[in-house]
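Peer 1: prediction below, plus the sequence it came from.
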Amino acid sequence: MRRYLILLSFGVLLSTHAKSQWWGDAGFRVPADGVTLLTQLYNDTANDALYVLGSATVNFQTDSDAESFSKYQQGQWTTYAPFSNEVQTAVVYHDTLIVGGYFTTAVGASVSNIAYFDGSTWHPYGQFDEAIYRLRVLDGTLYAMGGFTYADGQLCNGLAKRVGDSWMPVGY
């Protein structure tokens, strides 16, 4: 009978929900006359930071992005903008922040849907012909998944892995 009660108590604990909170209450800048589209939250446990990815449309007629990417760390928000379009995914790989998405520029730097941040400037991290939807690190290898056909000139059909300084196809 005790096992049953312990499992029942554990089940009640698992079904408890966190209280919802408005982004503005947490200090996240939400445009007054637009819509915020959040595409992913990335929890960087190594640096105790939360990355909020997506875009904020400020003007429906011009569809301009106000914020594409924000970081919450030690009670403060930092915004990395402007990107030419949505940032879809982020990951920390070898102590470097890497983002992927639909963009061709990152704060004026020419990039092809993927970029890395050196602490002050964004740089290209390869050449992708179309969008990257997700970046993942598995067993120490960085993978990119998306709507792209080519990565660094290699036929990859939407799935590539980082090998040294370039992107390579993952077997078919």
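Peer 2: Everything's here; your move. Residues are numbered from 1 along each chain as shown.
Peer 1: which residues touch Ile132?
Peer 2: Residues in contact with Ile132 (CB atoms under 8 Å, 6 or more residues apart in numbering) are 88-89, 100-101, 113-114, 144-146, 148. The way it works is simple: take the backbone N, C-alpha and C, and place the C-beta from them, glycine included.
Peer 1: oh, that last question was meant for Tyr51, not what I typed.
Peer 2: Contacts of Tyr51 were listed using CB under 8 Å, 6+ apart, and they are 40-44, 69-72, 90, 97.
Peer 1: of these, buried ones?
Peer 2: 40, 42, 69-72, 90, 97 (16 or more other CB atoms under 10 Å).
Peer 1: can you tell me how far Ala144 sits from Tyr150?
Peer 2: Computed with CB to CB, to the nearest Å, the distance linking Ala144 and Tyr150 is 12 Å.
Peer 1: what is in contact with the two at once?
Peer 2: Joint contacts of Ala144 and Tyr150 (CB under 8 Å, 6+ apart) are Phe128.
Peer 1: which one's more surrounded, those two?
Peer 2: Regarding Ala144 and Tyr150, a neighbour count based on other CB atoms under 10 Å identifies Ala144 as having more, with 28 against 17.
Peer 1: residues contacting that one?
Peer 2: Shown here is Ala144, whose contacts under the criterion CB under 8 Å, 6+ apart are 100, 114, 128, 132, 134-135, 151, 159-162, 167.
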